[in-house]
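[1] Structure of the sequence below:
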Amino acid sequence: MTGNPLAPLLAVDGLQVAFGTGRGVVRDVSLSLRRGECLALVGESGSGKSVTARTLVGLTGRHSRVRARRLEFDGLDLGALSERQWQRVRGRRIGLVLQDALVSLDPLRTVGAEIGEALRTHRTVDRAHTGERVLELLADVGVPEPPRRARQYPHQLSGGLRQRALIASALAAGPELLIADEPTTALDATVQTQVLDLLGDLVDRGTALLLISHDLSVVERLAHRVAVMYAGVVVEQGTAGQVLGDPRHPYTRALLAAVPSRAGKGLPLSVPQPPRPAAGPEGCPYAARCALADDRCRRALPEALESSADLESSADLESSADLEASAGHTVRCWYPDRPLPGAEARPRAARTSPARHSADGQVLLEVAGVSKTYRAPDGTAHRVVRDVSFTVAAGETLGLVGESGSGKTTVARIVLGLLEPDAGTVRFAGEPWSGLAERHRRPRRGLLQLVQQDPLSSFDPRHDVRRIVGEALAVTGVAGGAARDARAAELLDQVGLPSVLLRSRPAQLSGGQRQRVAIARALATGPRLLVCDEPVSALDVSVQAQVLDLLVSLQRELGLALLFVSHDLGVVHHLSDRLIVMKDGELVESGGVDEVFDHPEHPYTRSLLRSVTGGSRVG
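    Next up is the predicted model:
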């Protein structure tokens, strides 16, 4: 362990990572991280964040090429470690928390066995106390009923509980550096707050945290410093206050503008730029999308420009506050002070009230007194939805929020006719929808469509986009062959995708492209209501902005109604006309979105809003 507690625990200088003979996925990345400090690495999908994280735990794979001027952890040269040496560092001294807990956790082992193996592997407690320590770790990460949950398998837990169990496993050996790669993605606001509080406590106790996230509200809450990556390059770096409060690089400014906010409601979140010539191999990777780019940007990437000088040398610093203040605000841009054209006057999106979408205010969907009970394998009854009632008008967006396990997805499945309620009724377009035999419901099924959180899991990986969209068109009676292909191409164009992607398979598409294909498939049947179940929770902020703008545009163009299920209150506020809040299967509050946000009446709604607006960990 180093003698100076303020000396870097992790020091990375000039990191490059490439696969095969192609251009490097990570180019010239330099970072440092001290004990008791949180550095956030942000950027859109494909920017190199996760590859950087995997490099720091020796998991880039045999076919990768890793080079760096310096790659050290506590004085240890990570670039020179053998796999046997990595096994003594990975998990014990450097922990890793990945985004997808369902994939990361062994489906054939209970959660308790998963965490217990980490304890036994690193010998942090003796065998007799392993079970006790497992329960302590589960309790520390906010898992309710630890003894019961420890006996369960990953598929028996909600997404939030699985993620917390994964974090508990990563913390089992007490690592000095924790790398958290999107640790709160798809978690509701309450659970997210618990996880962030846990990570914040670890930092306060001296753990170094490298946080990788596309959620800038999470970054603002937890990070001391922020590094912004784009196409393998760190384009801006500084304290959280500097980068989030006074962004200098055009990409950072575009990233922040894409975040839904109260001030931006009704405005488009993404600002498309005209296509420009791509940068050369040595140019700024953002040049092709930047409104300021010129030939200079396309020819060469500038050195990091210091926009605030270091106050003192590291050796003279006495506190973490001094450390934070000393961090220079660096930016790799030829024109960091030039304003972006049009940034101050973006056109207002045509957002209208439900009454304007439908002249007579027609009720399209009516849910009345719906309840649903499940029985566990041991016969115990669990009522997951209790006497829930609401309506959705034609052309309206109704936001549905609540924490994991509140019953949101069960309500959505009842609305879609995929589950029958035990009590209550659902009516659609003035006619009964629940309680019907499927043969009576099938002719109207195309009028209600689902857009899921993870389109990759809902697509057959063997099928190309032509077949994925074509199967939905076949249900509507569109003839096969050229006619169906032409209609599929029209649907892709409607969601902003080129027809050339018809030949692509899901694995060849980006997350944003897959979600657009999912929306195109939903539109194929001419729906009047889209049920959107967490459709943007796994997308980075810039792609999320594009998908949200697309939904607003389609709603305006087609007169669609949306039932928008989400845990992200910023997204819900941006998109919704009205809002309903669920807790423990009950509807606890409803009203206009501004009314609920400004004057919440139920204690749970108030706590939910506090969890979003709570203060950040930076000054």
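[2] what's Val500 in contact with, if anything?
    With contact taken as C-beta atoms under 8 Å, 6 or more residues apart in numbering, Val500 is in contact with no other residue. Placement of C-beta: from N, CA and C, glycine included.
[3] Please apply the same query to Val235.
    In this structure, Val235 makes contact with Val228, Met229, His249, Tyr251, Thr252, Cys284, Tyr286, Val331, Arg332, Cys333, judged by C-beta under 8 Å, 6+ apart.
[4] gap between it and Ile212?
    Relative to Ile212, Val235 is positioned 16 Å away (criterion: C-beta to C-beta, to the nearest Å).
[5] again with Ala231
    On the measure of C-beta to C-beta, Ala231 and Ile212 end up 16 Å apart.
[6] all helices for the stretch 301-450 of the chain, in order.
    For the stretch 301-450 of the chain, applying DSSP state H, counting those that start in this stretch gives helices covering 320-326, 354-357, 408-415, 438-441.
[7] looking at those, which has the lowest confidence?
    Of all the helices of the stretch 301-450 of the chain, helix 354-357 carries the lowest average pLDDT, namely a mean of 40.
[8] Can you tell me the SS state at the residue nearest to the spatial centre of the chain?
    Note on the chain: the residue nearest the mean C-alpha position is Ala538, at 3.6 Å, using C-alpha atoms, centre = their mean. For Ala538, the reduced secondary structure class is coil; criterion used: DSSP: H, G, I helix; E, B strand; the rest coil.
[9] what's near enough to touch it?
    With C-beta under 8 Å, 6+ apart as the criterion, the residues that contact Ala538 are Gln99, Thr185, Ala186, Gln453, Asp454, Gly511.
[10] Sitting in helices, which of those do you find?
    The helices, defined by DSSP state H, take in Gly511 from the contacts of Ala538.
[11] Give me the lowest-pLDDT entry from the contacts of Ala538.
    Across the set of the contacts of Ala538, Ala186 stands lowest in pLDDT, at 66.
[12] any idea where the strands of the stretch 301-450 of the chain begin and end?
    In the stretch 301-450 of the chain, the segments counted as strands under DSSP state E, counting those that start in this stretch are 305-306, 330-331, 363-375, 381-393, 397-401, 423-428, 431-432, 448-451.
[13] quick one: buried residues of the fourth one?
    In other words, strand 381-393. Along strand 381-393, the positions that meet the burial threshold by neighbour count (16 or more other C-beta atoms under 10 Å) are Val384, Val385, Arg386, Val388, Phe390, Val392, Ala393.
[14] Dump those to TSV, plus distance to Ser404 and pLDDT.
    Conversion of those to TSV gives the following (distance: C-beta to C-beta, whole Å; pLDDT from 0 to 100):
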residue	distance to Ser404	pLDDT
Val384	12	91
Val385	15	95
Arg386	17	96
Val388	17	97
Phe390	20	97
Val392	23	97
Ala393	28	96
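[15] Let's have those residues in a markdown table, adding distance to Lys265.
    As requested, the buried residues of strand 381-393 are exported to a markdown table (distance: C-beta to C-beta, whole Å):
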| residue | distance to Lys265 |
| --- | --- |
| Val384 | 32 |
| Val385 | 30 |
| Arg386 | 32 |
| Val388 | 27 |
| Phe390 | 22 |
| Val392 | 20 |
| Ala393 | 19 |
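[16] buried set for stretch 17-34?
    Residues of stretch 17-34 classed as buried under the neighbour-count rule (16+ other C-beta under 10 Å) are 17-18, 24-34.
[17] so Pro247, which of the three states?
    Secondary structure of Pro247, reduced to three states by three-state DSSP: coil.
[18] That one - nearest residue in space that isn't next to it in sequence?
    Once its chain neighbours are removed from consideration, Pro247 has its nearest residue in Arg253; the separation is 4.8 Å (C-beta to C-beta, 6 or more residues apart in numbering).
[19] Is the one you found in contact with Pro339, as I believe?
    No: at 9.2 Å, Arg253 does not count as touching Pro339 under the criterion of C-beta atoms under 8 Å.
[20] out of those two, which sits in the busier spot?
    Each of Arg253 and Pro339 has its neighbours counted (other C-beta atoms under 10 Å); Arg253 has more, 17 against 12.
[21] if I've got this straight, that one is in a strand?
    No: the assignment for Arg253 by three-state DSSP gives helix, which leaves it out of any strand.
[22] Next one: it from Asp204, what distance?
    Counting by C-beta to C-beta, the gap between Arg253 and Asp204 amounts to 31 Å.
[23] and what of Leu491?
    51 Å.
[24] So the two - more neighbours on which side?
    Between Leu491 and Asp204, Leu491 has the larger neighbour count (other C-beta under 10 Å), namely 24 against 11.
[25] so which of the strands of the stretch 301-450 of the chain gets nearest Asp13?
    Asp13 lies closest, by C-beta to C-beta, to one member of the strands of the stretch 301-450 of the chain: strand 330-331, at 13.4 Å.
[26] ok, back up a step: I'd like the contacts of Ala538 laid out as CSV, including distance to Gly142.
    Shown next, in CSV, are these (distance: C-beta to C-beta, whole Å):
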residue, distance to Gly142
Gln99, 18
Thr185, 17
Ala186, 16
Gln453, 22
Asp454, 24
Gly511, 28
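[27] Pick out whichever of the contacts of Ala538 sits closest to Thr130.
    Sorting those by distance to Thr130 puts Gln99 at the head of the list, at 27.2 Å, by C-beta to C-beta.
[28] So what does the closest residue to the closest one other than its chain neighbours look like in phi/psi?
    Distance criterion C-beta to C-beta, 6+ apart; nearest residue to Gln99, sequence neighbours excluded, is Glu182 at 3.8 Å. In terms of degrees, to the nearest 10, the main-chain angles of Glu182 are phi 50, psi 50.
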